[in-house]
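Asker: Quick one: sequence plus predicted model below, questions after.
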Amino acid sequence: MSVPRCLLAVVCLLALAGSAQAADPAAAADGPIRDPAGEKGYAVHDWGVFTIHPDLEMANAALAAEWADCPREIYRTEPPDLRNLPWRGPVAKPIVYFHWGAETPPPEKGVRMKVRFPDGRPVIWWPASEEGVGMKPQGQEVTDSLSWRLFLRKAPGLSRTPAVAADHWYAKARMVKAEPVFSAGSYSNKPGPAIDAEQFVYYDGLMKPLAFLKARRTAAGDLVLDNTAPYPLHDLWCVDHTRDPRTGGGSRLARVPLVPVGTKEIVPEWRSVPAADWAAATVEQLAADLEKTGLHADEAQSLAAIWQPGFFHAPGLTLFYRLPQREYDRVTTIALDPVPETLVRVGIVLHAHAEPERAAAVREP
């Protein structure tokens with residue numbers, strides 16, 4: 001099965017603004033955001049992956065592969081070449097689920113959502129959006145935001161849904177029990193039904209890089225990490241498939257539940273994992289950890305299933321961690337009307353091919 005590389009390829013992009021914000025306890029806070037004044041029983045959950053590649057060639061290749069693997073109905077701009085953009089990578093597969101548990105039914109006029117990329121722009125999305133963004137299936141010039149009027153639970157007319165194979169990543173995102181969403185957007189001349197339908201809202205974009213981790217080898221050949229992140233790192237995973245003979249030659253795992261802000265060097269406690277235990281130690285454990293963030297069990301399992309190949313089976317050294325939610329909120333802002341009682345946002349930063357040997361090869365003339 002091919003994992004959506006466009007999303008996978010959030011080439012690493014979000015530039016976080018500065019030490020003053022990083023020192024703010026609110027910016028480092030983690031977990032669901034609850035609004036006592038929000039619509040009771042209304043919850044919005046979303047997650048996205050920001051991928052950092054070691055060079056532009058790999059970033060562009062990943063982006064092209066993901067675009068090719070997306071359902072053909074998806075709205076998109078022209079495939080970008082990252083060399084020609086002020087941003088250095090994509091935001092991978094943010095997916096937003098809506099849960100309406102209020103005593104009254106969802107608003108007949110729909111709910112509204114706007115996502116903004118302060119330092120980038122969206123490049124792919126479903127269902128149709130408003131504000132002239134996404135008025136055409138392809139080639140539409142976009143701004144730095146997308147907005148939707150979404151009808152929950154009940155379609156206001158005939159609808160269409162992207163067709164995908166059962167083992168496609170997009171089908172895995174449909175494993176979640178959530179309110180169906182329907183949108184007509186601003187484009188009224190689409191072929192077939194005018195209403196787009198899905199189990200979620202999906203969008204992807206380009207932003208500045210969050211490249212705050214760098215791996216190096218000690219004299220003994222082991223891997224340690226230099227960290228310059230201006231915020232704490234939550235649930236850091238280190239997956240070593242470099243098979244260096246100095247460290248035993250096998251695949252290894254290391255996990256760090258919390259890296260406090262200001263930590264300059266991270267020394268992972270590596271452990272070897274037998275092949276028979278690999279799934280339990282990786283994808284199953286990740287899903288369990290993600291539930292603790294406020295995601296529902298099926299949402300956590302869907303995320304883990306979609307990203308399993310990139311997180312746990314990619315060659316070389318893979319690093320990934322979870323952003324504090326308020327940092328995620330700052331780099332890709334979301335506005336909702338009505339305001340939900342609970343908002344859960346899980347942003348994961350993925351360093352692909354982080355092995356120092358790869359970085360050294362890139363620097364060679």
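Answerer: All right, it came through fine. If you're wondering where the values come from, they're calculated on a predicted model, not measured in any experiment. Numbering: from 1, shown residues only.
Asker: and the nearest residue in space to Trp47 that is not next to it in sequence, helix, strand or coil?
Answerer: Leaving aside its chain neighbours, Trp47 sits nearest to Val346 (4.0 Å; criterion: Cβ to Cβ, 6 or more residues apart in numbering). Yep, even glycine has a C-beta here, placed from its N, CA and C like the rest. Val346 carries the three-state label strand when classified by DSSP: H, G, I helix; E, B strand; the rest coil.
Asker: quick one: contacts for Val346?
Answerer: His45, Asp46, Trp47, Gly48, Leu290, Thr293, Gly294, Leu295, Leu303, Arg322, Gln325, Tyr328 (Cβ atoms under 8 Å, 6 or more residues apart in numbering).
Asker: for these, which one is nearest Pro180?
Answerer: His45 (15.0 Å; Cβ to Cβ).
Asker: Which helix or strand contains that closest one?
Answerer: Mapping His45 onto the secondary structure by DSSP states H and E places it in strand 39-52.
Asker: What residue, apart from its backbone neighbours, is nearest Pro260 spatially?
Answerer: Nearest to Pro260 is Pro232, by Cβ to Cβ, 6+ apart, at 5.6 Å.
Asker: Roughly how far does the one you found sit from Leu323?
Answerer: Look at Pro232 and Leu323: by Cβ to Cβ, to the nearest Å, they are 9 Å apart.
Asker: Dig out what the residue nearest to the spatial centre of the chain forms beta bridges with.
Answerer: When Cα atoms, centre = their mean is applied to the chain, the residue found nearest the centroid is Gly48 (1.7 Å). Taking DSSP bridges as the rule, Gly48 bridges to Gly347.
Asker: that older thread, any chance of the contacts of Val346 in TSV, plus pLDDT and distance to Arg252?
Answerer: Below are those laid out as TSV (pLDDT from 0 to 100; distance: Cβ to Cβ, whole Å):
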residue	pLDDT	distance to Arg252
His45	97	32
Asp46	94	32
Trp47	94	26
Gly48	92	27
Leu290	96	22
Thr293	94	25
Gly294	94	30
Leu295	96	27
Leu303	96	23
Arg322	96	21
Gln325	85	30
Tyr328	87	29
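Asker: Drop anything exposed from those.
Answerer: The neighbour count (16 or more other Cβ atoms under 10 Å) marks His45, Asp46, Trp47, Gly48, Leu290, Thr293, Gly294, Leu295, Leu303, Arg322, Gln325, Tyr328 as buried among those.
Asker: Can you lay out those residues as TSV showing distance to Ala354?
Answerer: As requested, the buried ones among the contacts of Val346 are exported to TSV (distance: Cβ to Cβ, whole Å):
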residue	distance to Ala354
His45	28
Asp46	26
Trp47	21
Gly48	19
Leu290	21
Thr293	23
Gly294	28
Leu295	25
Leu303	21
Arg322	17
Gln325	24
Tyr328	21
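Asker: Relative to Ala215, which of these is nearest.
Answerer: Of these, the one sitting nearest to Ala215 (Cβ to Cβ) turns out to be Arg322, at 18.7 Å.
Asker: Surely the closest one touches Lys292?
Answerer: No - using Cβ atoms under 8 Å, Arg322 is not in contact with Lys292, being 10.2 Å away.
Asker: Sketch out the low-pLDDT regions of the stretch 251-365 of the chain for me.
Answerer: 359-365 (pLDDT under 70).
Asker: Cool, thanks, signing off.
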